[in-house]
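Asker: got a structure for you, letters missing:
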């Protein structure tokens, strides 16, 4: 029964890809090139863009807006949903019957991949590692890990050897079983995944036009770099040449992240048919002063920012990504580090389910 259900869902998803590929009419050459890339619909777009009036008042200006990519239809939403519209379409086009991906025990990307794979009828295998060894019981007890189990993921835990060898073994086993596995990297942060945020760049340009704003900066929490790279490419590709995309690192130094963003930009350039210098190196901005000890470890400033946004706006950030990013935005505004800031936009990439295993950070 489960196999028949998966086949029905795969067939329906393929039909969606076919119909969307034929829908570009009277568009610019750039838009037609982009819209020819296969995509399967996983959520309703655009997501909302709202002014955070209370936070703006607390900070004394400038106006601060929030792009709500945490509100989507794959198991509590998040930025990976946009990426998976393209990655899972490619998986289906390749004839895959299973997808494989990886991340930490509380990976938001993994949770959305499990949800998306279920939606389109693909078996899903996830390889998980523990970034915070002293919190193993908490990280396995609730949040994203629990959701992965509920949605039927085949979970493979990596030990001291790291995730790489486990990924290779799972791919080999699935290949031997005739399931033609499709491998999605951590965060879906590669060229095809970045197309989700190329599309978001186009979406934002239209929303800014409709709302009559001209943002000087847009901020996004960054780990595997695909969202930052795709967003930067999307804004420039669809005509915005001025808004700075600021990648707020949650895990590593700028020296490590900038080359990764450059790599994804180059791969995206190849997909879109533009030169590798279409987006200049000087356009890559990474802020690495707010990630704390390491990936997976909250910071005091991040927890304070999470509380501040929750109390002021009724919006929940997460303890690992967006809280660190928001703490940086708040600090840079307080210390007047931004040049001519106006209509600032914060991209909410999701992750609130991870609040639960980190509950002790919020207890008085």
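Answerer: Received, thanks. Owing to the predicted nature of the structure, the values given are computational and were not obtained by experimental measurement.
Asker: after the lowest-mean-pLDDT helix or strand in the chain, which helix or strand is next?
Answerer: Evaluated with mean pLDDT, DSSP states H and E, the helix-and-strand set of the chain has its lowest mean pLDDT in helix 2-21, which scores a mean of 66. Using DSSP states H and E, the next helix or strand after helix 2-21 towards the C-terminus is helix 29-35.
Asker: chain center to stretch 344-358, what's the gap?
Answerer: Distance of stretch 344-358 from its chain centroid, counting by Cα atoms, centre = their mean, to the nearest Å, is 11 Å.
Asker: return the set of buried residues in that stretch.
Answerer: Within stretch 344-358, the residues that count as buried by 16 or more other Cβ atoms under 10 Å are 344-355, 357-358. Yep, even glycine has a C-beta here, placed from its N, CA and C like the rest.
Asker: what mean pLDDT does it get?
Answerer: The predicted model assigns stretch 344-358 a mean pLDDT of 97.
Asker: do me a favour and get the end-to-end distance for that stretch?
Answerer: Between the opening and closing residues of stretch 344-358 there is a gap of 29 Å (Cα to Cα, to the nearest Å).
Asker: and what of stretch 65-73?
Answerer: The first-to-last residue distance of stretch 65-73 comes to 22 Å (Cα to Cα).
Asker: buried residues in it?
Answerer: Buried residues in stretch 65-73, counted by 16+ other Cβ under 10 Å: 65-70, 72.
Asker: in terms of pLDDT, where does residue 176 sit?
Answerer: According to the predicted model, the pLDDT of residue 176 comes to 98.
Asker: for the most centrally placed residue in the chain, which residues are in contact?
Answerer: Within the chain, one residue has its C-alpha closest to the average C-alpha position: by Cα atoms, centre = their mean, that is residue 79, at 3.3 Å. Residue 79 makes contact with 69, 108, 196-197, 220, 227, 347, 349-350, according to Cβ atoms under 8 Å, 6 or more residues apart in numbering.
Asker: let's see it at 6 Å
Answerer: With Cβ atoms under 6 Å, 6 or more residues apart in numbering as the criterion, the residues that contact residue 79 are 69, 227, 349.
Asker: with adjacent residues omitted, what lies nearest to residue 120?
Answerer: With sequence-adjacent residues excluded and distances taken as Cβ to Cβ, 6 or more residues apart in numbering, residue 120 is closest to residue 13, at 3.9 Å.
Asker: do you know how far that neighbour is from residue 175?
Answerer: Counting by Cβ to Cβ, to the nearest Å, the gap between residue 13 and residue 175 amounts to 22 Å.
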